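J.: This is a predicted model, with the sequence first.
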Amino acid sequence: MQEKSIRFREKVDGNLRWLTITTLLLAIGVILRMVSPNIGGISLNWNILMYTMAIMLCRPTLGQGLGIGIVSGLVATMSSKAALPYANLISDPLAAFICAYIAKNHFFDFKFRKVNIEPAVLVFVTTFISGGTFVFITKVVLDIPIPVFLFVMLPTVLIVALFGLAAGQILYQPANTIFNSNINARQKDKYSLSNIHLFVPKGSFSVLTGVNGAGKTSLLLTIAGARMDYFDDIYDSEISINNISVLNTRQSDLNRKVGMVMDDYEGQLVTETIDDEIAFSLENAGMSPEKIIKRRAEVLQMVGLEGFEKRNISSLSGGQKQRLAIAVMLAMHAEILILDEPIAAIDPEGAIEIYRLLKEINKTYHTTILVAEHDLKYVADLADQLIVMDAGEMKFAGSVHDCLNYMHQEKIYPEAIPLRWKIYLEMGDTKC
């Protein structure tokens, strides 16, 4: 209960974090705008700088970015001495929305001589968009001559944007240290996923391996449409499973197509009996009682639990609970079945039975199966494809032979290679 309470507080804190940081930075921006000096009648636009910084620090959604812009526009309208202050109500929301989109997709997140220049570029772009929109609206409404617009107003916007470029680059790192220090500390042991170029054919049986912390669970959650907000984004990657482009598909659509059994599969079982467990998910999907009874019988037969319908879940063995968790996913007609270390808490005999069941489901029902596994001796003869990950990157994907040979040659998680394969690879024999 205490752990759930902590997770709930962290979720609430995460949801309010962008609002807290934005409010504080906008307040600082208002004060600095009031006291900062002009240079030739031109001064840094602290409002834009501060909400751009807030967006970079929090990476909010597009809706939240638009909300930040609206608040900034209201603040600017009340404090502006321009001829048409109400233009801020359009220019700031537009610029903040575009800024949030750019920041969310990391378009300018790159380095120049080991220095990340995203703060400078993003502040410059956001300031120029906001200022350019503001002076254009002013020119149209007040009918300002084109030469004044082109040779006075736009150059002024450009100079202000250049001021922002310099200030953004200087201030971002201290701000990131102040506001994101706790998050950065929590993420030290977490990998971003990058260079994941994965193709899982329809109807295949694929196995994902790698040391603890390599990014296997993060990748599985991404494919299942259940990736948490605290995971980093995936960079330079393309993931296809069953001809579905995962990174270009909405999570809700992935949820309907992919069934995932977590390593803590017992945590996914929420009722008292096998009957109720299967019916629970089907009732939530709106299935009629008659269809529930029929589908329940089908999936229990598929996983070898027929005749156990009235059994209490607490009385089941680890292997039977794993079968039940698989049955729940199959009951929802999942086209793709993903399992995270399915035999971690099962004895060797039960492990063999689980993988025998998964292969039978794969062959009989053409269900695409992707498994994360450390103990490859159980799956080396079953897998169509073996994938190895290390430090958040996919290092190799191919046949079991080719991948194990790669792991052996490159010393990437070599301890996972089954003993008979180690002997074969060391001897360089032609058959194993």
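T.: Cool, got the structure.

J.: Show the pLDDT at residue 289.
T.: Looking at residue 289, its pLDDT stands at 88.

J.: And residue 292, by the same measure?
T.: As predicted, residue 292 sits at a pLDDT of 89.

J.: Based on its surroundings, how many neighbours for it?
T.: 19 (other Cβ atoms under 10 Å). For glycine as for every other residue, the C-beta is placed from the backbone atoms N, C-alpha and C.

J.: I'd assumed it was in a helix, is it?
T.: Yes. Checked against DSSP: H, G, I helix; E, B strand; the rest coil, residue 292 lies within a helix.

J.: That one: what's it in contact with?
T.: By Cβ atoms under 8 Å, 6 or more residues apart in numbering, the contact set of residue 292 is 278, 279, 282, 283.

J.: and those residues, which two are the farthest apart?
T.: Pairwise distances across these (Cβ to Cβ) peak at 9.8 Å, for the pair 278 and 283.

J.: More neighbours: those two, which one.
T.: residue 278 (26 against 13).

J.: which stretch of helix or strand covers the spatially closest residue to that one that is not a sequence neighbour?
T.: Sequence neighbours aside, residue 296 is the residue nearest to residue 278 in space, at 4.4 Å (criterion: Cβ to Cβ, 6 or more residues apart in numbering). Assigned by DSSP states H and E, residue 296 belongs to helix 289-302.

J.: What residues of that helix count as buried?
T.: Across helix 289-302, burial judged by 16 or more other Cβ atoms under 10 Å covers 292, 295, 296, 299, 300, 302.

J.: could you redo these as JSON lines and give each row distance to residue 211?
T.: Output for the buried residues of helix 289-302, formatted as JSON lines (distance: Cβ to Cβ, whole Å):
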{"residue": "292", "distance to residue 211": "42"}
{"residue": "295", "distance to residue 211": "39"}
{"residue": "296", "distance to residue 211": "39"}
{"residue": "299", "distance to residue 211": "34"}
{"residue": "300", "distance to residue 211": "36"}
{"residue": "302", "distance to residue 211": "33"}
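
J.: need the strands for this structure, in chain order.
T.: Along the chain, counting by DSSP state E, strands occupy 111-112, 115-116, 193-194, 197-200, 205-209, 234-235, 238-241, 244-245, 258-261, 336-340, 368-372, 385-390, 393-398.

J.: Show me what counts as buried in the fourth one.
T.: Translated: strand 197-200. Across strand 197-200, burial judged by 16+ other Cβ under 10 Å covers 198, 200.

J.: Could you list the residues in contact with that strand?
T.: Defining contact as Cβ under 8 Å, 6+ apart, one finds that strand 197-200 is touched by 206, 219, 237-242, 368, 370, 385, 387, 394, 397.

J.: could I get the residues you listed as a markdown table with neighbour count and distance to residue 31?
T.: Output for the contacts of strand 197-200, formatted as a markdown table (neighbours: other Cβ atoms under 10 Å; distance: Cβ to Cβ, whole Å):
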| residue | neighbour count | distance to residue 31 |
| --- | --- | --- |
| 206 | 22 | 57 |
| 219 | 29 | 45 |
| 237 | 18 | 42 |
| 238 | 14 | 46 |
| 239 | 21 | 46 |
| 240 | 16 | 51 |
| 241 | 25 | 52 |
| 242 | 16 | 55 |
| 368 | 22 | 57 |
| 370 | 25 | 53 |
| 385 | 20 | 59 |
| 387 | 23 | 53 |
| 394 | 22 | 48 |
| 397 | 20 | 54 |
